[in-house]
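> Fold the following, please.
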Amino acid sequence: MAETCKDLGVERFLFASSGGTVYGYDAPPGGLIETGPTQPLNGYGVSKLSIEHYLRLMAVQGPMRTLSLRISNPYGEGQKPYRAQGVVAAAMQHAISGTVMPIWGDGTVERDFIHVRDVAEAFIAGLSYEGPSHVVNIGSGHGTKINEVLAATRHYTGRELRVEYQAERHIDVRRNVLSIDRAREELGWAPSIKFNEGLERTAQWWLGH
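Coordinates of the predicted model:
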């Protein structure tokens, strides 16, 4: 698609990469930074990282500018729950349907959740970016435990959410939280929707659909 866009004279190409998988190790206190190592633990992360490098090469060759946004864990209204990713959507679906939700590990792992509207705003900001960076983290900059997601889902849906804890997976890091300093400084972007607000909006969407 990027090559076709370049051939057609498209001036800018933005890519939805994954801050949740390209790093592959526990986040330090300040969060994962774009200049840190990239050691994906699964094929999905490897594919995202490979595309990042290909787009970087295209940008160097010009004239089309490219930018990869490493998105943390997006959630929000309309997200499909029947995929291998999207814990918020899965929690909502299980709460509404009354089915048991499997949880890998004890629910204490931390993830960086970002509402889809903030993700969209980040892409809009990226459309006018003229700086030197080829990758930018897009997240909340804060960690939320899976058990906190489950508790909030119960609260905002008013439904019981039954879970079944299972053995941890070797592909899951304990703490995945992104530093968003570069996004603030270079894109002029920062998230505006707090997690509880976003989860309440998501729950209302689920209850209405």
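
> tell me the contacts of the residue nearest to Leu161 when sequence neighbours are not counted?
Closest residue in space to Leu161, ignoring its immediate chain neighbours: Ala95 at 4.3 Å, by C-beta to C-beta, 6 or more residues apart in numbering. C-beta here means a position set from N, CA and C on the backbone, and glycine is covered the same way. Residues near Ala95 by C-beta atoms under 8 Å, 6 or more residues apart in numbering: Thr153, Arg154, Thr157, Arg159, Glu160, Leu161, Trp206.

> List only those of these flagged as buried.
Thr153, Thr157, Arg159, Leu161, Trp206 (16 or more other C-beta atoms under 10 Å).

> Widest-spaced pair of those residues?
Maximum pairwise distance in the buried ones among the contacts of Ala95, criterion C-beta to C-beta, is 11.9 Å, between Leu161 and Trp206.

> Quickly find the element holding Pro74.
Using DSSP states H and E, the element containing Pro74 is strand 73-75.

> picking that back up, next step: the buried ones among the contacts of Ala95 restricted to helices.
Thr153, Thr157, Trp206 (DSSP state H).

> now the strands for this structure?
For the chain, applying DSSP state E gives strands covering 12-18, 65-71, 73-75, 101-104, 110-111, 113-115, 135-138, 144-145, 163-166, 175-176.

> which one of those lies closest to Ser192?
Evaluated over these, closeness to Ser192 peaks at strand 113-115, with 8.5 Å, by C-beta to C-beta.

> just how off-centre is that closest one within its chain?
In terms of C-alpha atoms, centre = their mean, to the nearest Å, the centre of strand 113-115 is found 7 Å from the chain centre.

> if we can go back for a sec, which among the buried ones among the contacts of Ala95 gets closest to Thr66?
Using C-beta to C-beta, Trp206 is the member of these that lies nearest Thr66, at 35.5 Å.
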